[in-house]
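Visitor: only geometry, no sequence info:
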């Protein structure tokens, strides 16, 4: 009997220890995530008790603020659908999303600094307040990007980045939603087959088409590819009986292949690299990686198992096949080329500031990794200049400004091709990098490049 009681005691003790470990894990490792989860009702209880912090663009323009109507907090978004995906929303009925969700603790004053400040305020009979967010976003660029995307086809995404720092200057996704009308339009939005809640700029998954050739070029050059080698392009490349089609370019060097977007050359360069080196190059350019950005970004992927056949490898080298990327990632790749191969961590929140104008957080630019060496990045950048001056990207040219660019027309199994453009300017001293994708719009040269041209011009003013 005593032995059985002893065993039972050990069993109960084991259960107790297991419970302690589990609760500790929840508190230490999942506490932040659960506290900020959209379905956690505790933060809802704070909405009508706290003056939620405002959100501003880089120049101090209000993007989100709380108004009080009949003693009830109402969140207002002055630019509606133009900032809907990034800012998200706050709703007693549907939770919260976007930056409103990611920084809910700060905006509600629930950080250590915020709690202390609000204890003092409540003791003085004042309403608790949250901290303000100052973003890297430029609302003028954001609004222009939204308009240009709507004019170009209405579905897709645009991202602008400062390649020197990683600051996101604009990030537009369409179709969009107006957070001011969220509850009234919820049923219509949630049932819309075009998925207006999907942030295509950060979470879209697209074949990159020919903009992927920039990565392939970097891998080939790192592997020792002769920059002056002359290739023959008869208008196709045969790969184990598969015919990879191209325009006839005849004799072309690597610069010309980038400028004219030659599938034959880049399919062969991919085969020369081999699957392992190609995938390794892609990973150096942040494929399969988390950007540690809020709202979250979908990691770009190559293949489920990484075991590419020659046909799949040649297709991937020109941006087709088992290859999916986000527009943000393509902007980051382009920014890395503009920044001598150094990839900066993209970020949206520049500063968090208390109601007393005290800075609680200031972002310092971080280097993610060296995607390629500076000599290779400069060579690819110059080839991109050739693409704008005399190649497929002529529609991105700007008088008096040297623009570097690359177009893409990505085959799409669900309809017409997607139109891509990536680029940066000024080429000699880059201050802005851009990625544009317009869904089912056809040629990147005729649709996406003119959009990028106007955005670059505005960004450099």
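Guide: Okay, I see it. On a predicted model such as this, the values are computed, not experimentally measured, just so you know.

Visitor: List the contacts of residue 176.
Guide: Residue 176 is in contact with 81-82, 84-85, 146, 196, counting by C-beta atoms under 8 Å, 6 or more residues apart in numbering. C-betas here are computed from N, CA, C, even on glycine.

Visitor: What's the per-residue pLDDT of residue 160 here?
Guide: Looking at residue 160, its pLDDT stands at 98.

Visitor: can you check the one 5 residues further on too?
Guide: In the predicted model, residue 165 carries a pLDDT score of 98.

Visitor: what does residue 295 give?
Guide: Taking residue 295 on its own, its pLDDT is 89.

Visitor: With residue 44 instead?
Guide: So, for residue 44, pLDDT stands at 56.

Visitor: low-confidence ranges in the stretch 151-300 of the chain?
Guide: Within the stretch 151-300 of the chain, no stretch has pLDDT under 70.

Visitor: which residues in the stretch 351-461 of the chain form helices?
Guide: 374-390, 449-459 (DSSP state H, counting those that start in this stretch).

Visitor: Could you point out which of those helices sits nearest residue 275?
Guide: Counting by C-beta to C-beta, residue 275 lies closest to helix 374-390 out of the helices of the stretch 351-461 of the chain; the figure is 20.6 Å.

Visitor: Figure out how far the closest one is from the centre of its chain.
Guide: Centroid separation between helix 374-390 and its chain, computed with C-alpha atoms, centre = their mean, to the nearest Å, is 23 Å.

Visitor: cool, and stretch 295-303?
Guide: With C-alpha atoms, centre = their mean, you get 9 Å for stretch 295-303.

Visitor: And that stretch, what's buried?
Guide: 295, 297-300, 302-303 (16 or more other C-beta atoms under 10 Å).

Visitor: same question, stretch 258-270
Guide: For stretch 258-270, by 16+ other C-beta under 10 Å, it's 258-270.

Visitor: The residues you listed into CSV, with extra columns for distance to residue 276 and secondary structure?
Guide: What follows is the buried residues of stretch 258-270, written out as CSV (distance: C-beta to C-beta, whole Å; DSSP: H, G, I helix; E, B strand; the rest coil):
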residue, distance to residue 276, secondary structure
258, 24, helix
259, 29, helix
260, 28, helix
261, 25, coil
262, 24, coil
263, 22, helix
264, 23, helix
265, 21, helix
266, 18, helix
267, 17, helix
268, 17, helix
269, 15, helix
270, 12, helix
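
Visitor: now those residues as CSV including distance to residue 442?
Guide: Listed next are the buried residues of stretch 258-270 as CSV, based on distance: C-beta to C-beta, whole Å:
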residue, distance to residue 442
258, 21
259, 20
260, 18
261, 14
262, 19
263, 17
264, 22
265, 23
266, 21
267, 22
268, 26
269, 26
270, 25
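
Visitor: Which members of those are the farthest-apart pair?
Guide: Longest span within these, C-beta to C-beta: 259 and 270, 18.5 Å.

Visitor: sorry, back to before: ok, so of the contacts of residue 176, who is nearest residue 406?
Guide: residue 146 (23.4 Å).

Visitor: Determine how far the helix or strand hosting the closest one lies from the middle of the whole chain.
Guide: Assigning secondary structure by DSSP states H and E places residue 146 in helix 139-152. Relative to the centre of its chain, helix 139-152 is centred 17 Å away, using C-alpha atoms, centre = their mean.

Visitor: Let me see the residues that make contact with that helix.
Guide: Helix 139-152 is touched from outside by 57, 59, 61, 63, 79, 81-83, 156-158, 160, 169-172, 174, 176, 419, 436, 438, 441, 447-448, 450-451, 454-455, 458-459, with contacts defined as C-beta under 8 Å, 6+ apart.

Visitor: Please report the residue range of the longest helix in the protein.
Guide: helix 2-29 (DSSP state H).

Visitor: Rounded mean pLDDT for that one, please.
Guide: Helix 2-29 comes out at a mean pLDDT of 71.

Visitor: got a list of what the nearest residue to residue 171 once chain neighbours are set aside touches?
Guide: Computed as C-beta to C-beta, 6 or more residues apart in numbering, the closest residue to residue 171 that is not its neighbour in sequence is residue 201, at 4.4 Å. With contact taken as C-beta under 8 Å, 6+ apart, residue 201 is in contact with 85, 157-159, 171-173, 326-328.

Visitor: 7 Å instead?
Guide: Residue 201 makes contacts with 85, 157, 159, 171-173, 327-328, as judged by C-beta atoms under 7 Å, 6 or more residues apart in numbering.

Visitor: cool, residue 397 as well?
Guide: Residue 397 neighbours (C-beta under 7 Å, 6+ apart): 388-389, 403.

Visitor: All the strands of the stretch 201-350 of the chain, in order from the start?
Guide: Here the stretch 201-350 of the chain has its strands, by DSSP state E, counting those that start in this stretch, at 231-233, 236-239, 242-245, 250-252, 342-344, 349-353.

Visitor: and the third one, which residues are buried?
Guide: For strand 242-245, the buried set under the neighbour-count rule, 16+ other C-beta under 10 Å, comprises residue 244.

Visitor: now for it, which elements pack on it?
Guide: When contacts are defined as 3 or more C-beta pairs under 7 Å, 6 or more residues apart in numbering; DSSP states H and E, strand 242-245 sits against strand 236-239, helix 263-273.

Visitor: 8 Å - rerun?
Guide: Applying 3 or more C-beta pairs under 8 Å, 6 or more residues apart in numbering; DSSP states H and E, one finds that strand 242-245 contacts strand 236-239, helix 263-273, helix 310-317.

Visitor: Could you list the paired strands of that strand along with their orientation?
Guide: Sheet pairing of strand 242-245 (DSSP bridges) gives strand 236-239 (antiparallel).

Visitor: Now the partner strand: buried residues?
Guide: So for strand 236-239, counting by 16+ other C-beta under 10 Å, buried means 236-237, 239.

Visitor: do the same with stretch 72-91
Guide: Buried residues in stretch 72-91 (16+ other C-beta under 10 Å): 73, 75, 77, 79, 81-91.
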